[in-house]
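Undergrad: I would like to see how this sequence folds:
(chains A and B)
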Amino acid sequence: MAVAVQYYLLLSAAVFCIGLFGILTRQNALLFLMSVELMLNAANINLVAFSWYWGNLTGQVFALFTMALAAAEVAVGIGIILVLYRNFDDVDVTKATTMRW
Amino acid sequence: MAGITDIAPAIALLPLASFVIALFFGSRMPKGGALAGITATGGSLLLSLWAFLAVGNAGYSNQRIIWVLGKGTFDLHFGILLDPLSTLMLVIVSLISFLVHIFSLGYMNDEGETGLPRYYAGLGLFTFSMLSFVFADNLLMAFMFFELVGLCSYLLIGFWFREQGPPSAAKKAFLVTRFGDYFFLVGVVGVFATFKTASFVGEESFPHLAELALGGNAPAQVSTLFGMSPQTWFAVLGLLVLGGVLGKSAQFPLHTWLPDAMEGPTPVSALIHAATMVAAGVYLVARMYGFYAQLPTVLAIIALIGGFTALFAATMGMVKREIKQVLAYSTISQYGYMMLGLGAGGYVAAVFHLMTHAFFKALLFLGAGSVIIAMHHNEDMWDMGGLKEKMPVTYWTFLAGSLALAGIFPFAGFWSKDEVLYDALVHGLNSPLILLGYLMGLVAVLFTGFYTFRMVFLTFHGEPRTETAEDPHPVRWNVKFPLVVLGVLATVAGFVNMTPLNVEYLHNWLELSPQGAFELLSVGHYESLLAVEPAALGPIVPALVSLALALVGAGLAWRLYAVPEPEEHTDRLGSAKTLLYNNYYQDEYQVWLAEGVTLPVARYADKFDQGVIDGVVDGTSQVSLSLGGRVRQVQTGVVTNYAALLTLGFVVLLVVIGLTGGWF
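TA: Next up is the predicted model:
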């Protein structure tokens, strides 16, 4: 007895909202990265769930792509965070506002 | 062997070379660059004579270099036109310039002037500009060199720039002629817009195209502007170009610069007044006479201005104290005669007078220069007197020039002035405006005779009135030689066209066997274009009338001033004296025009520009600047805010799409 697809969607929505909450409330850049990762994985759950629902493998292939993309994004994100730390001695994103207007 | 057409550019380029040499190496050369100038102008003179003879033998020539290639429109070109008129003028200009260079050795070098390289460079550039102007074959090229001539006159009039007067006189000369040239420039553009060419010569020349257009079968390329008829529009163009002519040739009301220009060195005055700057205006009208000849209204205006200027300037010349001032007003007056001749349809007469005037006016100025050397640079005639015995060469040549200027038989001026007046009379009998010009010109003859001989008697006759006049500074060969050459020319130059005696070499020369399209430049063609028919009238009686008037004027001067101790008779003129001394308040009203009218208008225009035009531009940038300043506050630099905005925006978008898409 397989789990109905709407539960997957609910799970995905929950994970996405947790990620969004993290982005909107956290100040630590590392937590930002994790939150973004959560949101991406929520999307992955959706892709896989629909793929399974429709019996079509395209969604799963896209999920693989997304994971690769997420890995790349993390690499860049970590790089930015390192520079941030080097310049501001901190990974607090609210401090890096000197480059605005 | 190279023909004259191949080396014709050298006529003008030689003085240009002397300009460069004098400017850069003059200080290291003996005589401060004078020798380079003399060599160059002498070479130009020889080449001009060659060109003159070549035109007599082989006919006209015209060659062009295109320097701006038009894409789908007209080209601009430089060109050299050698025809009887231009070669005659080339000879005159290079001859006068050559003699002026020699005279300058006496006037500048021997007097120990400084800045000689600058002086000779100026003379070289001046000669170059004028020669190039003379052989220009299109209006644009003529305009360019017309402007260069104006620049050179500025440089030379202001030669003694450390003194008070010359810089201001130079500025005035430049500005007043520039004012006229402004109209000329508009005219040049108008000619291009109308005819798509500005060439003087050939089937495609603008005078010929105008002729076709007025004849009813307008060529396709001719288009009048502002919806005027060809007749009206061409008259407007003619008047615009005439603006430049009035400025350069010092015709009323733009004559005021010329008397002030006497601040420059005397040889420069001779060059300006006899051969270059002032002659340029009249020459321009003669050059494009095929155009003017078709416009009776413009011709009548030219004749009227000319006659009026001749009279007007002659009256002012009668009361002046300085010898050069008298000559300055006589120059204005004589150019008035030329304009009268051109306006009346006497093309040959005007060119003839241009030629004889070049000789005798250069002679008179150089003679005055000689007197000024002798008088240790005192120009006041009332300090002179009795110079006749002390400087015989100057006296006799000056006398020849004066007789020519006054128009006394048989000197050069008599023949040419008489022909101008005769042409004005015979055409004037059929045209009241020209007749009015003639009458003014005729009265001016009387005044001319008077002021000329007043000058002669005051300068050379009677008892010396000062110590300098008793013991004048001697002059050397380099002063006497040009005087003698010009004295001979002023005496005999008139014989080339003695119309009353049916000797018409000059007329035949200007009529010279034209071939093909060059026929459009011949006197015969010009005469066929004139609207006013000459009346049948013998030339003898008018000649006698003007001669009698000149003699009366001269005789009056003899009565009043040829006494051992002459007195000033100006007080007898009453209130006219003040008027004449102040030159009819011409300067005053022009200054008033500048200060009372132009300046406030310019101020208002400036205010409008600063306030309204700039205000709109500044306002626009101010608004966008302050808006930008507010909007950029959105960029806080905090990533969280961006994310919140993104999310909010997405939610709003969803709601909107939902509402419009009917999800709820």
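
Undergrad: now do the SS call for the residue in chain B positioned nearest to chain A.
TA: Residue nearest to chain A within chain B (C-beta to the nearest C-beta): residue B:637, separated by 3.3 Å. Placement of C-beta: from N, CA and C, glycine included. When classified by DSSP: H, G, I helix; E, B strand; the rest coil, residue B:637 comes out as coil.

Undergrad: pretty sure it sits against residue A:98.
TA: Yes - at 7.4 Å, residue B:637 counts as touching residue A:98 under the criterion of C-beta atoms under 8 Å.

Undergrad: where does chain A have low pLDDT?
TA: Low-confidence segments of chain A (pLDDT under 70): A:1, A:99, A:101.

Undergrad: no no, the stretch 451-600 of chain B
TA: Of all residues in the stretch 451-600 of chain B, those with pLDDT under 70 make up the ranges B:512-517, B:570-571.

Undergrad: would you tell me which residues of chain B are close to chain A?
TA: Within chain B, the positions near chain A by C-beta under 8 Å from any C-beta of the partner chain are B:632, B:633, B:635, B:636, B:637, B:638, B:639, B:640, B:643, B:644, B:647.

Undergrad: now the residues you listed: which count as buried?
TA: Among the residues of chain B next to chain A, those scoring as buried are B:638, B:639, B:640, B:643 (criterion: 16 or more other C-beta atoms under 10 Å in any protein chain shown).

Undergrad: in space, what's closest to the third one - neighbours in sequence excluded?
TA: Translated: residue B:640. Nearest non-adjacent residue to residue B:640, counting by C-beta to C-beta, 6 or more residues apart in numbering or on different chains: residue A:24, 6.0 Å away.

Undergrad: which of the residues in the host helix or strand of that neighbour are buried?
TA: Here residue A:24, judged by DSSP states H and E, is contained in helix A:5-25. Across helix A:5-25, burial judged by 16+ other C-beta under 10 Å covers A:8, A:9, A:12, A:15, A:16, A:19, A:20, A:22, A:23.

Undergrad: now, among those residues, which is nearest to chain B?
TA: Using C-beta to the nearest C-beta, the buried residues of helix A:5-25 come closest to chain B at residue A:23, 4.6 Å.

Undergrad: list the contacts of the closest one.
TA: A:32, A:35, A:36, A:39, B:639, B:640, B:643 (C-beta atoms under 8 Å, 6 or more residues apart in numbering or on different chains).

Undergrad: return the member of those residues nearest to residue B:115.
TA: Nearest to residue B:115 among the contacts of residue A:23: residue B:639, at 75.0 Å, using C-beta to C-beta.

Undergrad: that closest one contacts residue A:92, doesn't it?
TA: No - with contact defined as C-beta under 8 Å, residue B:639 does not reach residue A:92; the gap is 10.7 Å.

Undergrad: could you pull out the strands in the stretch 351-500 of chain B for me?
TA: Remark: strands assigned in the stretch 351-500 of chain B by DSSP state E, counting those that start in this stretch are B:497-498.

Undergrad: export the residues of chain B next to chain A to JSON lines and tack on pLDDT?
TA: As requested, the residues of chain B next to chain A are exported to JSON lines (pLDDT from 0 to 100):
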{"residue": "B:632", "pLDDT": "86"}
{"residue": "B:633", "pLDDT": "84"}
{"residue": "B:635", "pLDDT": "82"}
{"residue": "B:636", "pLDDT": "81"}
{"residue": "B:637", "pLDDT": "79"}
{"residue": "B:638", "pLDDT": "81"}
{"residue": "B:639", "pLDDT": "80"}
{"residue": "B:640", "pLDDT": "84"}
{"residue": "B:643", "pLDDT": "86"}
{"residue": "B:644", "pLDDT": "89"}
{"residue": "B:647", "pLDDT": "90"}
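
Undergrad: dump those residues into JSON lines; add distance to residue B:168 as well.
TA: Listed next are the residues of chain B next to chain A as JSON lines, based on distance: C-beta to C-beta, whole Å:
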{"residue": "B:632", "distance to residue B:168": "57"}
{"residue": "B:633", "distance to residue B:168": "60"}
{"residue": "B:635", "distance to residue B:168": "62"}
{"residue": "B:636", "distance to residue B:168": "66"}
{"residue": "B:637", "distance to residue B:168": "65"}
{"residue": "B:638", "distance to residue B:168": "70"}
{"residue": "B:639", "distance to residue B:168": "72"}
{"residue": "B:640", "distance to residue B:168": "74"}
{"residue": "B:643", "distance to residue B:168": "75"}
{"residue": "B:644", "distance to residue B:168": "75"}
{"residue": "B:647", "distance to residue B:168": "78"}
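
Undergrad: for those residues, which two are the farthest from each other?
TA: Across the residues of chain B next to chain A, the longest distance by C-beta to C-beta is 21.4 Å; it joins B:632 and B:647.

Undergrad: next, count neighbours for residue B:70.
TA: Neighbour count for residue B:70, taken as other C-beta atoms under 10 Å in any protein chain shown: 10.

Undergrad: verify the stated contact: residue A:31 with residue A:21.
TA: No - the criterion here is C-beta under 8 Å, and residue A:31 misses it with residue A:21 at 10.8 Å.

Undergrad: give me the distance between residue B:527 and residue B:304.
TA: Counting by C-beta to C-beta, to the nearest Å, the gap from residue B:527 to residue B:304 is 21 Å.

Undergrad: so for the two, which sits in the more crowded spot?
TA: Just comparing residue B:527 and residue B:304: by other C-beta under 10 Å the higher neighbour count belongs to residue B:304, 19 against 15.

Undergrad: helix or strand for that one, which one?
TA: Using DSSP H and E, residue B:304 sits within helix B:296-317.

Undergrad: buried set for that helix?
TA: For helix B:296-317, using 16+ other C-beta under 10 Å, the buried residues are B:296, B:298-317.

Undergrad: show me where chain B dips below the pLDDT cut-off.
TA: Those would be B:1-4, B:59, B:512-517, B:570-571, if you go by pLDDT under 70 across chain B.

Undergrad: quick one: the strands in it?
TA: Using DSSP state E, the strands found in chain B span residues B:61-68, B:76-82, B:497-498, B:503-504.

Undergrad: quick check, residue B:134 in contact with residue B:286.
TA: No - counting by C-beta under 8 Å, residue B:286 is not a contact partner of residue B:134; they are 10.6 Å apart.
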